[in-house]
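Asks: 3D model of this:
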Amino acid sequence: MRLYGAQSMIAPLRRVLVRRPDESFGEADPQRWHYTARPDLKRAQDEHDALVAILHSAGVEVLYHDIPLPGRADSIFVFDPAIVTHAGAIILRMGKDLRRGEEEAMAQRFVQLDIPILARLDGAALAEGGDLLWLDEETLAVGIGFRTNAEGFRQLTAALTPPGIRTLPVELPYHHGPEACLHLLSLISIVDERLAVVYPPLISVPFYQELHRRGFRLVEVPDSEFPTMGPNVLALAPGQCLMLENNPLTKQRLEAAGCEVLTYCGNEISLKAEGGATCLTRPILRG
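Replies: As a prediction, the model looks like this:
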C-alpha cells in the first residue's frame, strides 16, 4: 500500500502533515515576520486544533511535525519546505531568509515517516511550496517571483524530469514587494476537475490563457476577499474544499459551481500571519 505521493491538488486527501503553533509563533515580532499583529498563542492553538478536527472528520490521517524549530514563527506553514511526489520528497530551499532551517527539519520528519528524499535544492536555488501547483499528475506549475527563482525552477525541473513530470514556469507580479508573501497559490487553488478559484487581476496573461486552454472553469474572487485569502482553498476531495471563514462571496460562488465548502476560523493562524488552509497543511498522500 502506497504511503506517500501527492501529485494532485484535488485527489482525496489521505495523509497530511501539520505543525501546531508553539512559542515561536506566539512570540513572533509582527514587524520582523510581516504579520499584521502578534498572534495570541492560546487562541492560535485552539484554531489549529479545530482545523485538525475538520480534517479528521473528512477522513484524513493527520500527522504532526514536532521537530523543534526555535525562533521560526512561520514553521506552522508546513506546505512550503518540501513537495511530495510518487517517487519521494523534494526538499526545497526557502526564499524567505527567516525560514531557512525548516527544510532540514522537514527532511528529518520525512525520514521518520519512511518517505524517501528524491532530491534537495541547493546553491542559489530558491523555491517554496506555495509557488507549486499541480495542474495534473504530470504537470507542475511553478511560480517565479520573490520566493522561487529561476535556479530553483531549473533544479526542480531536473529533479522532476526522470519521474516524467513536466514543469511550467509562471511569472508572478511585484504586488507589495519582496517583504510580503505572494505565492502562486495566493492567487489560485484548484478545487475540482477543471475548476479553479482565482484572483484574475494578479494572474499573468499567459497563465490565464493556459488555464482556458486546459478547459478550466474559473471561480473569481472579488477584490474585497483577496486580502482575506479568498483564493487560498484546500481541496479535501474533488469538489469538497476548506477555506477561511468570512469570505462569503467566494464561498457562494464555489457552491454555485457545485462545490461543498467547509470553513475554519483563522484569525490568529491565518489572517495575522499570511497563510491559509493550504499553507497550514503538507499533503503526504492523495488518491
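Asks: burial check on G88, number of neighbours?
Replies: 17 (other Cβ atoms under 10 Å). To be clear about C-beta, it is placed using only N, CA and C from the backbone, and glycine gets the same treatment.
Asks: shouldn't it be in contact with L113?
Replies: No. Using Cβ atoms under 8 Å, G88 makes no contact with L113, being 11.4 Å away.
Asks: intersection of neighbour lists for these two?
Replies: Y4 (Cβ atoms under 8 Å, 6 or more residues apart in numbering).
Asks: now the strands for the stretch 151-287 of the chain?
Replies: Counting by DSSP state E, counting those that start in this stretch, the stretch 151-287 of the chain has these strands, from start to end: 166-171, 188-192, 195-198, 217-220, 233-237, 240-244, 260-264, 282-286.
Asks: dump the ones you listed to JSON lines, plus mean neighbour count, mean pLDDT and distance to L121.
Replies: Shown next, in JSON lines, are the strands of the stretch 151-287 of the chain (neighbours: other Cβ atoms under 10 Å; pLDDT from 0 to 100; distance: least, Cβ to Cβ, whole Å):
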{"stretch": "strand 166-171", "mean neighbour count": "16", "mean pLDDT": "98", "distance to L121": "13"}
{"stretch": "strand 188-192", "mean neighbour count": "26", "mean pLDDT": "98", "distance to L121": "23"}
{"stretch": "strand 195-198", "mean neighbour count": "24", "mean pLDDT": "98", "distance to L121": "27"}
{"stretch": "strand 217-220", "mean neighbour count": "18", "mean pLDDT": "98", "distance to L121": "31"}
{"stretch": "strand 233-237", "mean neighbour count": "25", "mean pLDDT": "98", "distance to L121": "24"}
{"stretch": "strand 240-244", "mean neighbour count": "25", "mean pLDDT": "98", "distance to L121": "29"}
{"stretch": "strand 260-264", "mean neighbour count": "18", "mean pLDDT": "98", "distance to L121": "31"}
{"stretch": "strand 282-286", "mean neighbour count": "24", "mean pLDDT": "98", "distance to L121": "16"}
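Asks: what helices or strands is the host helix or strand of A89 leaning on?
Replies: Per DSSP states H and E: A89 is located in strand 88-91. Contacts defined by 3 or more Cβ pairs under 8 Å, 6 or more residues apart in numbering; DSSP states H and E place strand 88-91 against strand 82-85, helix 102-112, strand 117-120, helix 150-160.
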